Structure formats: C-alpha cells, structure tokens
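[1] model this:
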Amino acid sequence: METLTLDSPVIPTPVETSPSVPPLLALEHVGKFYQTRRGQRIEALRDINLTVQPEQFITVLGPSGCGKSTLLKILAGLERRSSGAIHFNGANLEGPSREIGLVFQAPVLLAWRTVLDNVMLPIEVQRRDRAAHLDKAHTLLAMVGLEGFANRYPFELSGGMQQRVSICRALIHDPSFLLMDEPFGALDAMNRETMNLELLKIWKESRKTAMLVTHSIPEAVFLADRVVAMSPRPGRIIECIDINLPRPRTLDLFTSKAFGHYVTHIRQLFNSAGSLDA
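    Below you'll find the predicted structure:
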C-alpha cells in the first residue's frame, strides 16, 4: 500500500484485508443479550466480526450505549458473550486471561496503597513472586514519567498521573493485549492530548497490541492503526477504517489534510448511521 503524506488524499478502507500474519484476536458472530429484572431481553451486541493483528493499535468508536464497553468486558472475561466465538492466540477465549490487561475509565487505585503497591496488585492476586517483578514495576513507572513516585499515595497525584499508574498496573504481568475503556475521558482537552502522546509512547516501547474505546473521533484517528466504527444499540460494526498515517505521531497531525479526511469520513458515517457524543 502506498504511504500517505500528511497532505495526501485519503480513500478509507471499508473492508478488512487478509494479512499473512495470523491474527492475535478473532471475533466471529459475537452477540450479547441482557435480561432485565422485568424479563425484558435487551440486545447489546449483534454479529460482531473482527480480527486484530499482533502489535496493532485499534480504537473502537461509537455512541453511548452501543456496547463498546460491553465488548471490552467480554474480551477481558468480565462478561460472557451470548453467542459467537472468540479466538485468542489460536485458542478459544472463554474467560479471563493473564495475557489480557484492562485499564478502566477511572484509575481505581487503592487509596491506602502506595503507587508501587498499586502497580504490584496483579502480581499479588495472581500469586506471583513479588521480588521477581519489582524491577519491572520500577521500569514501567520510569517509562510513564513517574520515576521517584513509587512511595507516593494516589491523593498526591494528578488525575493523569493516576491513570498512568493504572496503565502500569495493567502491564506489570506482561500481557500481550491491552484493553482500555475511555481511560482519559475525565481529563480536560489539554491533558487528554498529553496523555494520548504518552500512551503512544508506552505502546511503542512495550510493543503490546492495544484496543481503546473512545467517544472522540479525532482521538480515535490519532491513536489508531484501525478505527472500528459501531452503530447505536444493538452495537454492530458498520465500518473498519485503516488509518494510513505516519508514525511516530505528533499533535501537528491534527491540522493535516489527511487527518481531516479521516475525521470527516467517520463523522459522515455516524451522521448517516446514528449520533455520536463527541
């Protein structure tokens, strides 16, 4: 595929290609129903088909209530799918996996534990050797710019710093796949842009596969190799858009014509398929 310059015209790719490398993750006809207390059946997800390649950065974009977070919870093993199949690393995914890390919308740090002890929590839960992972914890904290904060407590950190700690916690057991559910949604615009840059730095250095849920079209395009656009409930994939923009990415990308073409295409897609919050 020809590489785009920042001012090149963009032709969005509406269908998935057939890569030669086996996918890390494959979803086949995945659906999810909920039963209310009154016996009403609510369909959250319908016929989700998606493949994710190793070391890809995927963003999932759609209106509130379309099942984006439900999809991540299913992949993390916190929810059970109602139909379909999920294959991870060539095996059926039927529950939580140590190869999958999850970053929640809020940092969810334990106030009585230090930064280091919060990062080390998955090691304790999984009953792994704490001493063997201490160096890894300090390396992760240094990677996200929190070297020297290991003995601080959550109340001593800003919101962005707390979210960096939660990312370190998700990476401490070295998962191959990192899921993120709107991790910067509570931050103001300037801090959110800064954290997007930090996230790309972390992703590049850790070489993980990543999937991030967001309501923001510019954020989805800026971060991703591929944007997965979802319809209003029941959530369906209405288009997968390959983002052919150069890396590493800087904030200057937001003003480029190529970036604008992607944003415009996706906004028009949602205008025809349903609303989007941001």
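[2] CA atoms for contacts and neighbours, from now on please.
    OK.
[3] which residues in the stretch 1-150 of the chain form strands?
    For the stretch 1-150 of the chain, applying DSSP state E, counting those that start in this stretch gives strands covering 25-35, 41-52, 57-61, 83-88, 91-92, 100-103.
[4] need the winner for burial among the ones you listed.
    Across these, averaging neighbours per residue (mean count of other C-alpha atoms under 10 Å) puts strand 57-61 on top, at a mean of 26.
[5] ok, residues contacting that one?
    52, 68, 209-217, 220-221, 223-230 (C-alpha atoms under 8 Å, 6 or more residues apart in numbering).
[6] mind listing what it pairs with, with the direction of each?
    The sheet places strand 57-61 alongside strand 209-214 (parallel), strand 226-230 (parallel), with pairing taken from DSSP bridges.
[7] okay, those in a markdown table with mean neighbour count next?
    Below are the strands paired with strand 57-61 laid out as a markdown table (neighbours: other C-alpha atoms under 10 Å):
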| stretch | mean neighbour count |
| --- | --- |
| strand 209-214 | 24 |
| strand 226-230 | 24 |
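[8] mind checking which of these is nearest Glu124?
    Glu124 sits nearest to strand 209-214 of all those, at 24.0 Å, using C-alpha to C-alpha.
[9] helices and strands around the helix or strand just after that closest one, which ones?
    Counting by DSSP states H and E, the next helix or strand C-terminal to strand 209-214 is helix 217-223. Contacts defined by 3 or more C-alpha pairs under 8 Å, 6 or more residues apart in numbering; DSSP states H and E place helix 217-223 against strand 57-61, helix 189-206, helix 257-273.
[10] can I get the strands of the stretch 1-150 of the chain in TSV with mean pLDDT and distance to His138?
    Output for these, formatted as TSV (pLDDT from 0 to 100; distance: least, C-alpha to C-alpha, whole Å):
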stretch	mean pLDDT	distance to His138
strand 25-35	94	30
strand 41-52	94	30
strand 57-61	95	25
strand 83-88	95	29
strand 91-92	92	32
strand 100-103	90	18
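[11] if we can go back for a sec, now tabulate the helices and strands packed on helix 217-223 in a markdown table and tack on distance to Lys136.
    A markdown table is the format used below for those (distance: least, C-alpha to C-alpha, whole Å):
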| stretch | distance to Lys136 |
| --- | --- |
| strand 57-61 | 23 |
| helix 189-206 | 12 |
| helix 257-273 | 36 |
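[12] tell me the most buried of the ones you listed?
    Scoring these by mean neighbour count under mean count of other C-alpha under 10 Å gives strand 57-61 as the most buried, with a mean of 26.
[13] now the angle from that strand to helix 189-206?
    Counting by axes from the mean of the first three to the mean of the last three C-alpha atoms, to 10 degrees, strand 57-61 lies at 140 degrees to helix 189-206.
[14] lowest mean pLDDT across the helices and strands packed on helix 217-223, which one is that?
    Of all the helices and strands packed on helix 217-223, the minimum mean pLDDT falls on helix 189-206 (a mean of 84).
[15] out of the strands paired with strand 57-61, nearest to Ser272?
    Ser272 sits nearest to strand 226-230 of all the strands paired with strand 57-61, at 12.2 Å, using C-alpha to C-alpha.
[16] dump that closest one to CSV, restricted to CA.
    Extracted in CSV, the C-alpha atoms of strand 226-230 (Å, rounded to 0.1, in the frame of the first residue of the first chain):
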residue,chain,number,x,y,z
ARG,A,226,-7.6,0.9,12.6
VAL,A,227,-10.8,2.6,13.7
VAL,A,228,-13.8,0.3,14.4
ALA,A,229,-17.0,2.3,14.0
MET,A,230,-20.1,0.9,15.8
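[17] tell me the angle it makes with strand 41-52.
    Angle, strand 226-230 to strand 41-52, by the same axes, to 10 degrees: 160 degrees.
[18] contacts for strand 226-230?
    Strand 226-230 is contacted from outside by 56-63, 66, 68, 220-221, 236-243, 266, using C-alpha under 8 Å, 6+ apart.
[19] output the contacting helices and strands for the helix or strand bottoming out on mean pLDDT in the chain.
    Using mean pLDDT, DSSP states H and E, helix 189-206 stands out as the lowest-scoring helix or strand of the chain, at a mean of 84. Under the contact definition 3+ C-alpha pairs under 8 Å, 6+ apart, helix 189-206 sits against helix 217-223.
[20] now do 6 Å
    Judged by 3 or more C-alpha pairs under 6 Å, 6 or more residues apart in numbering; DSSP states H and E, helix 189-206 has no packing partners among the helices and strands.
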